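Chemist: got a predicted structure here, sequence first:
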Amino acid sequence: MTKLSVNINKFATLRNSRGGNNPDVLRAAINAQQFGADGVTVHPRPDERHIRYQDVRDIREIITTEFNIEGNPTEQKFIDLVLETKPHQVTLVPDALGQLTSDHGWDTIKHKDYLIDIIGVFKKAGIRVSIFVDPVVEMIEGAALTGTDRVELYTEGYASAFASGNSLEAVTPYVHAANRAKELKLGLNAGHDLDLTNLKYFKQHIPFLDEVSIGHALVCDAIYLGFENTVQLYKRQLA
Ligand SMILES: CC(=O)[C@@H](O)[C@H](O)COP(=O)(O)O
Ligand SMILES: NCC(=O)COP(=O)(O)O
């Protein structure tokens, strides 16, 4: 089974645009779980432009499924937040400060020693670690030397090539990377720009995926189709 973790960043973006508490991010997390999501993902950024650090603490209190916190551990504030809230999984993403959204994975060869150290900190606290990587076999092999439990394949490249009509070409590097991860006994997650048009094809080619985290497209679909219906539609793509 591939788990669906709903990324609720975009609920917070909308809330923050007006101040106040509408929409309520906590309610979004509760609803996602009630509507069938297998987990909730948040990516608090240092500028707190969407999910705030306090949101993470509040969401921790109501989680009944799996909680996944994403972020760059070069920020001490991020490390402290993760160790305080102890999610089921932390996903390490090498974003620069103020970056619009995530746009690359770790260079697991260049940053091997750093990753070994920081992954060790989270694992010592009993938190499963996943690291965000591009679909490149060498990066997967590098990841296997860091002690990470899982890798998350950065799927923006897949999504844009799929949208151009090159579905097989789009998925092929991901299949190679996924197979190598499996051989190396790494768990496998995927995310970024996955949506209702491209998710099923991705899952069909990589059936042993552990988890996808989906936010932007899912929240956009929820505006048109309703949140409960949308979560169910995404779940169906993974069946
Ligand atoms: C790691 C990843 O691909 C997503 O978490 C993405 O970074 C979402 O973050 P934003 O919602 O800030 O775009
Ligand atoms: N890890 C990817 C994620 O949480 C959501 O990415 P997106 O669906 O908002 O592009």
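Modeler: Nice, thanks for sending it over. No experiment lies behind these values; they were computed from the predicted model shown. Ligands and ions are numbered 1, 2, ... in the order given.
Chemist: residues touching the closest residue to residue 121 other than its chain neighbours, list them.
Modeler: Once flanking residues are discounted, residue 121 sits nearest to residue 79: 6.8 Å by Cβ to Cβ, 6 or more residues apart in numbering. C-betas here are computed from N, CA, C, even on glycine. Taking Cβ atoms under 8 Å, 6 or more residues apart in numbering, we find residue 79 in contact with 73, 118, 121.
Chemist: whichever strand or helix holds residue 70 near ligand 1 anywhere?
Modeler: Using DSSP states H and E, the element containing residue 70 is strand 66-71. Yes - judged by Cβ under 6 Å from any ligand atom, strand 66-71 and ligand 1 are in contact via residue 70.
Chemist: quick check: which ranges of this protein have low pLDDT?
Modeler: Low-confidence regions of the chain, defined by pLDDT under 70, are absent; no residue qualifies.
Chemist: generate JSON lines for the contacts of residue 79, with neighbour count, secondary structure and distance to residue 106 as supplementary columns.
Modeler: Converted to JSON lines, the contacts of residue 79 look like this (neighbours: other Cβ atoms under 10 Å; DSSP: H, G, I helix; E, B strand; the rest coil; distance: Cβ to Cβ, whole Å):
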{"residue": "73", "neighbour count": "21", "secondary structure": "coil", "distance to residue 106": "11"}
{"residue": "118", "neighbour count": "20", "secondary structure": "helix", "distance to residue 106": "11"}
{"residue": "121", "neighbour count": "15", "secondary structure": "helix", "distance to residue 106": "16"}
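Chemist: quick check, nearest of those to ligand 1?
Modeler: Set against ligand 1, the nearest of the contacts of residue 79 by Cβ to the nearest ligand atom is residue 73 (13.2 Å).
Chemist: would you agree that closest one is in contact with residue 93?
Modeler: No - Residue 73 lies out of contact with residue 93 (Cβ atoms under 8 Å); the separation is 9.1 Å.
Chemist: spell out which parts of the chain neighbour ligand 1.
Modeler: If contact is defined as Cβ under 6 Å from any ligand atom, the residues of the chain in contact with ligand 1 are 7, 9, 43, 45, 70, 93, 101-102, 132, 191-192, 215.
Chemist: farthest pair in these?
Modeler: Set against one another by Cβ to Cβ, the residues of the chain next to ligand 1 have their most distant pair in 45 and 191, with a gap of 15.8 Å.
Chemist: the two: which has the busier surroundings?
Modeler: For residue 45 against residue 191, the residue with the higher neighbour count under other Cβ atoms under 10 Å is residue 191, and the figures read 25 against 22.
Chemist: the more buried one and residue 166, how far apart?
Modeler: Remark: distance between residue 191 and residue 166 (Cβ to Cβ, to the nearest Å) = 20 Å.
Chemist: again with residue 178
Modeler: When residue 178 is compared with residue 166 (using Cβ to Cβ), they lie 18 Å apart.
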